[in-house]
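**Student:** quick one, what's the 3D model for this:
(4 chains)
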Number of protein chains: 2
Amino acid sequence: MKRTNFQDMRCSIAQTLNLIGEWWTPLILRDIFYGIRRFEGLLTHLGISRNILTDRLQALVENDILERRPYQQSPERFEYWLTERGIDLYPILISLMAWGDRWLPNEEGPLIELIHKECGMPASPEVVCSHCRKPITARGMRVNVLSEELAEELAAVRSPSVRDRK
Amino acid sequence: MKRTNFQDMRCSIAQTLNLIGEWWTPLILRDIFYGIRRFEGLLTHLGISRNILTDRLQALVENDILERRPYQQSPERFEYWLTERGIDLYPILISLMAWGDRWLPNEEGPLIELIHKECGMPASPEVVCSHCRKPITARGMRVNVLSEELAEELAAVRSPSVRDRK
DNA sequence: AAATATCAGTTGCGTAAAGAGACTGACCCT
DNA sequence: AGGGTCAGTCTCTTTACGCAACTGATATTT
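**Tutor:** Residues are numbered from 1 along each chain as shown, chains lettered A, B, ... in the order given. Have a look, this model is predicted:
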């Protein structure tokens, strides 16, 4: 059986994972954010195998997350640049980094620091609500199910502790 | 060959992906955030196969992201609850969702809305700098390489356009 | 002129992981 | 005794991953 893809799931998380959720893909994007844009550069810095890198880059280009730009002729050679959509993935990577910094810190400290140009401080990202500017946490959110069908499905499948709470 | 794991990479993104970067894992967490905590519930709602679900849940429990709590005796049955570390993964899922909502919107609209209890508005998350409270974007950040060794490695591997910029 | 190096892949092969479905085992209800 | 629920385990087949070797176009070195 082929690995399930998440395309048919009507869920933004699933849809996004379908494009960037494969093994290696987020690390490739990280390196491109760091300014590594060429095949051999990614290859050596990541320690990925060539065929996998080829595959992942192609998929990212197909999904309009990267753009393949020629930087020389004869022989033709390319760099992989983030599109606008790709650049917008930055908060996801930053969130992954923030969680790792907090819960899996390296004893010898990080190798890289991201400085927020505007204030000159090392990145310590926080997710806030764009309306009230206050932090978003799991406990501070309420799930509003918009489809009657899904509501029934969830009711059947949720643990009673949640199901019985109104 | 076994799939490369990212444990030896001194990078918080890689470390985090090593725990939650596998296929299905973020969707399992999503469903648990939605209140689905039992094996059969996850199974039916996700459409995952049983062996994969078993495997992923075990890994999440081992990595202290989920906790296996008995909810009945004879036969003993369990629910999977998020630990504090697990709850703290929420911003990652929210960022994934926000990107999908923006760049891969479903024509018929989303099935689920997350309401920020504090202000009553649907979630539209934003990543901000905890110091100056201003948005964090890729272009607004500067990479500060703390290790001389890594700096040399990056210098060798970066595209000239970045390399030559001081 | 021949050998070596660089870059960006492609091809082939062996192993590991994913997926479906059947099976197990402990209980419950009727 | 028969059927249902829950949480897995086992087996089997198909993919995906990782490595190494190869291709092909050009540049540089000997």
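
**Student:** every contact and neighbour count from this point should use C-alpha atoms.
**Tutor:** Will do.

**Student:** spatially nearest residue to A:Tyr34 (excluding sequence neighbours)?
**Tutor:** B:Val143 (7.1 Å; C-alpha to C-alpha, 6 or more residues apart in numbering or on different chains).

**Student:** who touches the spatially most central residue of chain A in this structure?
**Tutor:** The residue lying closest to the centre of chain A (C-alpha atoms, centre = their mean) is A:Ile92, at 4.3 Å. The contact partners of A:Ile92, by C-alpha atoms under 8 Å, 6 or more residues apart in numbering or on different chains, come to B:92, B:95-96.

**Student:** could you pull out the helices for chain A?
**Tutor:** Here chain A has its helices, by DSSP state H, at A:12-20, A:25-33, A:39-46, A:50-62, A:84-87, A:90-103, A:148-157, A:160-163.

**Student:** circling back to that earlier point, and the pLDDT for the residue nearest to A:Tyr34?
**Tutor:** As predicted, B:Val143 sits at a pLDDT of 92.

**Student:** and for it, the neighbour number?
**Tutor:** If you count neighbours by other C-alpha atoms under 10 Å in any protein chain shown, B:Val143 ends up with 15.

**Student:** and what of the one 5 residues further on?
**Tutor:** Taking other C-alpha under 10 Å as the neighbour definition, B:Glu148 ends up with a count of 10.

**Student:** would you mind naming what in chain A lies close to DNA strand D?
**Tutor:** Residues of chain A lying near DNA strand D by C-alpha under 7 Å from any atom of the strand: A:1-3, A:22-23, A:47-52, A:74-75.

**Student:** now the buried members of those residues.
**Tutor:** Listed as buried from those are A:Trp23; burial here means 16 or more other C-alpha atoms under 10 Å in any protein chain shown.

**Student:** end to end on stretch A:126-136, go ahead and measure it.
**Tutor:** 8 Å (C-alpha to C-alpha, to the nearest Å).

**Student:** quick one: mean pLDDT for it?
**Tutor:** Stretch A:126-136 comes out at a mean pLDDT of 94.

**Student:** so what's the residue of chain A most remote from its centre scoring on pLDDT?
**Tutor:** Within chain A, the residue lying farthest from the chain centre (C-alpha atoms, centre = their mean) is A:Ser74, at 34.9 Å. We have a pLDDT of 75 for A:Ser74.

**Student:** residue contacts, it?
**Tutor:** Taking C-alpha under 8 Å, 6+ apart, one finds nothing in contact with A:Ser74.

**Student:** from B:Ile87, how far out is it?
**Tutor:** 53 Å.

**Student:** before we move on, what about A:Glu76?
**Tutor:** Counting by C-alpha to C-alpha, the gap from A:Glu76 to B:Ile87 is 48 Å.

**Student:** which one's more surrounded, the two?
**Tutor:** B:Ile87 (18 against 8).

**Student:** surely that one touches A:Met141?
**Tutor:** No: counting by C-alpha atoms under 8 Å, B:Ile87 does not reach A:Met141; the two are 12.0 Å apart.
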